[in-house]
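Engineer: got a predicted model here, sequence first, then my questions.
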Amino acid sequence: MKVLTKTRLGAIAIALSTATVAFADGHLNEMTADELLPMAEAEGEVIVYSFTSRIGRVETAFEEAYPNVDLQGFDISSTEQIARLTAEAQAGVTNADVIYISDTPVVLTALLEAGIIAPYVPPRVADRVPAEFQTPLLAQRLSTKVLMYNEEANPNGAPVSNLWELTTDEWRGRVIMVDPLQRGDYLDLMTEIVLQSDQMAEAYEAQFGMAIELDGAANAGEQFIMDLFANDLILVGSTDDVNAAVGALGQENPPVGFTSYSDRRDNEDEGWALQVANDVSPAPGIIFPAVVALATEPNNPAAARLVIDFLMGDESETGGPGLAPFYVAGDYVTRTDIPPHPDAVPLEDFTAWRIDPAETATIRAEIGDLVLTLQ
């Protein structure tokens, strides 16, 4: 057990006093990492809720950079985070200092507008992140849920060129995705398909040579979802389940599935051959922001800001250890001074639909109800 000396206790008291005054004045938001560090060390720890398991690598790298600050990272899905943070707020409890999360259509209303989380942009990178990615919450990167295939079994490219092929007999029982009612980003994918109904109608005519005739659906997007479920769509509990089924080496006729393009980074380690079906019409899926935020009243306000600064990467060419877990093909960092990953489809050529969280939120619950009736 560590024993604190009077000198150390005095330093902590001064640092905490300074932090309290700075936080009350809002000055913490204007401080550099070097200015935050002594206060963060006095706080001694910081709690991070993260929607990705990659927080484990961030934790190791952060503690190597700042050995006197204990980062405790918790891998919790976005849907579970929203439920937990809401419950904690109702109980008057604040556990997390930093929230790293996707599912922004719900986050903006359930957490930000409810006053449970607050925005923060490290001043060091404010001039290198486009304004669209700074508000209402800071986007660290863009993530995806897109159609992926096995490139070992399909060396000449994706076996699907049009999403409507997934509703045909050839793909009956051979399309896999995580249950949209368990993972919000998959419900966002279903919602975007409906929002893009005009494109889905055009794609239908291109695939089948005739205009779409709706059968109990309100639009082409809903019809696609209904037809996909009727074609024995397989729902699983995690993206790893999708990745293993689609990407495992040695398959002669593997399925396709909706998952994260960035999971391709694990191909070598996991024995997968995942590749994105970027040329599928009208789009392979969605691209959306992964955001970072503060708890509105964090227990460790200086350390929380230090973590977010770290997550945004350092001044090296690819962002250093804080950004390394996310500098992979399939993730698109929002800092303009960091070049795209060389193995990724360039963002300007990536054909996934970019979601508008506010627009998604308008019909998301309705699409959730539709999906519920199909299971």
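Structural biologist: The structure has been received and is ready for your questions.
Engineer: ok, residues contacting stretch 190-206?
Structural biologist: In this structure, residues lying in contact with stretch 190-206 by Cβ atoms under 8 Å, 6 or more residues apart in numbering are 105, 162-164, 180, 211-212, 219-225, 281-283, 286, 353, 355, 359-360, 363-364, 367, 370-371. Every C-beta, even on glycine, is put in place using the N, C-alpha and C of the backbone.
Engineer: only whichever of the residues you listed are buried, select them in PyMOL.
Structural biologist: To isolate the buried subset of these in PyMOL, counting by 16 or more other Cβ atoms under 10 Å, use the following:
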select buried, resi 105+162+163+164+180+212+219+220+221+222+223+224+225+281+282+283+286+353+355+360+364+367+370+371
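Engineer: quick one: low-confidence parts of the stretch 101-250 of the chain?
Structural biologist: Within the stretch 101-250 of the chain, no stretch falls below the threshold (pLDDT under 70).
Engineer: which stretches of the chain form strands?
Structural biologist: Shown for the chain, the strands assigned by DSSP state E span residues 45-50, 70-75, 98-101, 117-118, 138-150, 175-178, 234-236, 256-259, 274-276, 285-295, 332-333, 353-354.
Engineer: quote the end-to-end distance of stretch 134-142.
Structural biologist: Using Cα to Cα, to the nearest Å, the span of stretch 134-142 from its first residue to its last is 13 Å.
Engineer: other residues contacting it?
Structural biologist: Stretch 134-142 is contacted from outside by 100, 104, 107-108, 112, 117, 119-121, 126, 129, 133, 287-293, 308, 311-312, 326, 331-334, 347, 354, using Cβ under 8 Å, 6+ apart.
Engineer: just the buried ones from the residues you listed, in PyMOL syntax?
Structural biologist: One line in PyMOL is enough to select the buried ones among the contacts of stretch 134-142; burial here means 16+ other Cβ under 10 Å:
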select buried, resi 100+104+107+108+112+117+120+121+129+133+287+288+289+290+291+292+293+308+311+312+326+331+332+333+334
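Engineer: roughly how far does E88 sit from I47?
Structural biologist: Summarising the geometry, the distance separating E88 from I47, computed by Cβ to Cβ, to the nearest Å, is 11 Å.
Engineer: okay, and the common contacts of the two?
Structural biologist: N95, A96.
Engineer: those two: which is more packed in?
Structural biologist: Between E88 and I47, counted using other Cβ atoms under 10 Å, I47 has the larger neighbour count: 22 against 15.
Engineer: the residue nearest to D232 when sequence neighbours are not counted: neighbouring residues, count only.
Structural biologist: Of all residues beyond its chain neighbours, the one nearest D232 is G173 (3.9 Å), with distances taken as Cβ to Cβ, 6 or more residues apart in numbering. A count of neighbours around G173, defined by other Cβ under 10 Å, yields 11.
Engineer: report the contact partners of D188.
Structural biologist: Contacts of D188 were listed using Cβ under 8 Å, 6+ apart, and they are D103, P105, K145, I286, F288, I355, T360, R364.
Engineer: now those residues in TSV, with distance to A304?
Structural biologist: Conversion of those to TSV gives the following (distance: Cβ to Cβ, whole Å):
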residue	distance to A304
D103	20
P105	24
K145	28
I286	29
F288	24
I355	27
T360	28
R364	29
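Engineer: mind picking the two most distant members of those?
Structural biologist: Among those, the pair separated by the greatest distance (Cβ to Cβ) is K145 and R364, at 14.2 Å.
Engineer: still on that earlier bit, and which of the contacts of D188 is nearest to Q251?
Structural biologist: Checking the contacts of D188 against Q251 with Cβ to Cβ, the nearest one is K145 at 22.1 Å.
Engineer: these two touch, right, the closest one and S262?
Structural biologist: No. No contact is recorded between K145 and S262 when judged using Cβ atoms under 8 Å, the distance being 10.5 Å.
Engineer: more neighbours: which of these two?
Structural biologist: The residue with the greater number of neighbours, taking K145 and S262 and applying other Cβ under 10 Å, is K145; the counts read 29 against 24.
Engineer: how much space between the more buried one and A283?
Structural biologist: Applying Cβ to Cβ, one obtains 11 Å for the distance of K145 from A283.
Engineer: D70 - nearest residue in space that isn't next to it in sequence?
Structural biologist: Excluding its sequence neighbours, the residue lying closest to D70 (Cβ to Cβ, 6+ apart) is E45, at 4.2 Å.
Engineer: how close does L36 sit to M312?
Structural biologist: Separation of L36 from M312 (Cβ to Cβ) stands at 13 Å.
Engineer: next: E64.
Structural biologist: Counting by Cβ to Cβ - E64 and M312 are separated by 17 Å.
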